[in-house]
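Chemist: Predicted model, plus sequence, below.
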Amino acid sequence: MDTRLGHTQARRATLSLLVALWIVAGVNSCSTDRDPSSLFGPLETGRLVVDGLLVVGAHLPEIRLTRTGAPDRDYNATAHGVSGAQVVVRQTGGATYTYAESMPGRYRIISTHIVGSGREYTLEVITAQGERLTASTTTPPPLFVTEWVLLENDGTTVRQTLRRFAELGDMVFQAPENQLRYPQGLLEARFNRPDVLGFQLGLRGLDKNSPLVVPADFLSPEDRASLPRSVSSPIFEAEDGKARLPWFAVYYAGRHVYRVLALDLNTFDLIRSLPEQGGSAIAFGGNAGGDFQRPIFHIEGGIGLFGSAAIDSVGFNVLQP
């Protein structure tokens, strides 16, 4: 497995990690039927929404194409899928990759291509009605975390160094070094900072029925049921090449995948301008957000995201206190 991120893991990251993707597809972490217009402001019904994230070292991703719905009606992304579109991705100075519709609004590449770093890719969409949507991304440099460490509470002494997917595959979840007892120590990623505008952290719990580790006596059953198993950080700068995962982001015991994402301009601008991501970046360092009237889209002929990221990840098991 690649030391930066296996292709299978990268595809999982594009489907489950970035809050930006969940939102531009018309959903978020709380609801599968949220109308994009409630997030993007007063948009006309039927506007094209694109959803695609390229991951360095992974295959070209699925492209999702939907439309905004009426603000006074329940939104369903499948029902608003755009069918019959011509979808291609062109690599500047390289080949053109044609997509085919796999189900309404979802398009998959016919051939195969591994996304390279520092390259420009352009998306071109022509709908059956003749509408045109275009967007371009320049992929970031590779990201490689040199060390995943658990620090003592003093923030400097290394308690243990975690094993990698590249070493053990899915057996990392059983490795003694990757057993973390809630809420002891500080989990830190150390990396040679690539030249990007910003980063995002993501944490995904893999065990659907694992118990809570946070004190839950004061929570109602409804509140307990709503605690997420997947969370994302605000944008941060990581000027020192370090990122810490705070324990307040962890709600459950069991297996987790922790990811660091180096973002291209499109993804950086969209995430930092989303209302959900506009809060403090405390404990992540160097808030790169700001106050925006509406999200920033680098899309011609629609809204949404066609962006890219470089990702590295580690797996660990959270033990009960």
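Modeler: Yep, that arrived. All of these numbers come straight from a predicted model, not from anything done at the bench.
Chemist: next one: phi and psi at residue 296?
Modeler: phi -100, psi 120 (degrees, to the nearest 10).
Chemist: For it, which non-adjacent residue is spatially closest?
Modeler: residue 269 (4.0 Å; Cβ to Cβ, 6 or more residues apart in numbering). Backbone N, C-alpha and C define where each C-beta goes, glycine included.
Chemist: same check, this time on residue 68
Modeler: residue 47 (4.6 Å).
Chemist: before we move on, the earlier item: ok, the residue nearest to residue 296 to residue 260 distance?
Modeler: Distance, residue 269 to residue 260, using Cβ to Cβ, to the nearest Å: 19 Å.
Chemist: Could you do residue 166 as well?
Modeler: Residue 166 sits 15 Å away from residue 260, going by Cβ to Cβ.
Chemist: and what of residue 63?
Modeler: Residue 63 is 25 Å from residue 260, where distance means Cβ to Cβ.
Chemist: now swap in residue 192 and tell me
Modeler: Look at residue 192 and residue 260: by Cβ to Cβ, they are 12 Å apart.
Chemist: Strands along the stretch 101-250 of the chain, start to end?
Modeler: For the stretch 101-250 of the chain, the strands defined by DSSP state E, counting those that start in this stretch occupy 106-109, 120-126, 132-138, 145-151, 158-161, 179-181, 186-191, 199-205, 230-232, 242-245.
Chemist: who's more crowded, residue 166 and residue 260?
Modeler: A count of neighbours by other Cβ atoms under 10 Å puts residue 260 above the other of residue 166 and residue 260, at 25 against 14.
Chemist: surely that one meets residue 198?
Modeler: No: if you go by Cβ atoms under 8 Å, residue 260 and residue 198 don't touch, sitting 11.4 Å apart.
Chemist: Just the helices from the stretch 51-200 of the chain, written as ranges.
Modeler: For the stretch 51-200 of the chain, the helices defined by DSSP state H, counting those that start in this stretch cover 165-168.
Chemist: what's residue 157 in contact with, if anything?
Modeler: Taking Cβ atoms under 8 Å, 6 or more residues apart in numbering, we find residue 157 in contact with residue 151.
Chemist: Roughly how far does it sit from residue 318?
Modeler: 21 Å.
Chemist: same question, residue 84
Modeler: In terms of Cβ to Cβ, residue 84 sits 46 Å off from residue 318.
Chemist: more crowded one of these two?
Modeler: Between residue 84 and residue 318, counting by other Cβ under 10 Å, residue 318 is the more crowded of the two (21 against 10).
Chemist: Now the more buried one. Nearest residue, chain neighbours left out?
Modeler: Of all residues not flanking residue 318 in the chain, residue 253 sits nearest, at 5.0 Å (Cβ to Cβ, 6+ apart).
Chemist: Likewise for residue 54?
Modeler: Nearest residue to residue 54, sequence neighbours excluded (Cβ to Cβ, 6+ apart): residue 308, at 3.9 Å.
Chemist: Wasn't the one you found part of a helix?
Modeler: No: Residue 308 is assigned strand when assessed by DSSP: H, G, I helix; E, B strand; the rest coil, not a helix.
Chemist: Numbering from 434 from now on, please.
Modeler: Got it, the first residue is 434 from now on, which makes the last one we talked about residue 741.
Chemist: Quick check: residue 599 vs residue 489, distance?
Modeler: Distance of residue 599 to residue 489, computed by Cβ to Cβ: 16 Å.
Chemist: If you could redo that for residue 690, that was the one I meant.
Modeler: Residue 690 is 18 Å from residue 489, by Cβ to Cβ.
Chemist: got it, and residue 616?
Modeler: 33 Å.
Chemist: more crowded one of these two?
Modeler: Comparing residue 616 with residue 489 by other Cβ under 10 Å, the one with more neighbours is residue 489, at 25 against 15.
Chemist: if I look at the more buried one, how far off is residue 666?
Modeler: Residue 489 is 20 Å from residue 666, by Cβ to Cβ.
Chemist: Ok, residue 581 next?
Modeler: In this view, residue 581 and residue 666 are 16 Å apart by Cβ to Cβ.
Chemist: and what of residue 562?
Modeler: From residue 562 to residue 666 the distance is 39 Å (Cβ to Cβ).
Chemist: quick one: which of these two has more around it?
Modeler: Neighbours were counted for residue 562 and for residue 666 using other Cβ under 10 Å; residue 666 has more, 23 against 8.
Chemist: So the more buried one sits against residue 635, correct?
Modeler: Yes: between residue 666 and residue 635 there is a contact at 7.4 Å, judged by Cβ under 8 Å.
Chemist: hang on, the earlier thing: nearest to residue 730, of the strands of the stretch 534-683 of the chain?
Modeler: Among the strands of the stretch 534-683 of the chain, the nearest to residue 730 by Cβ to Cβ is strand 565-571 (8.5 Å).
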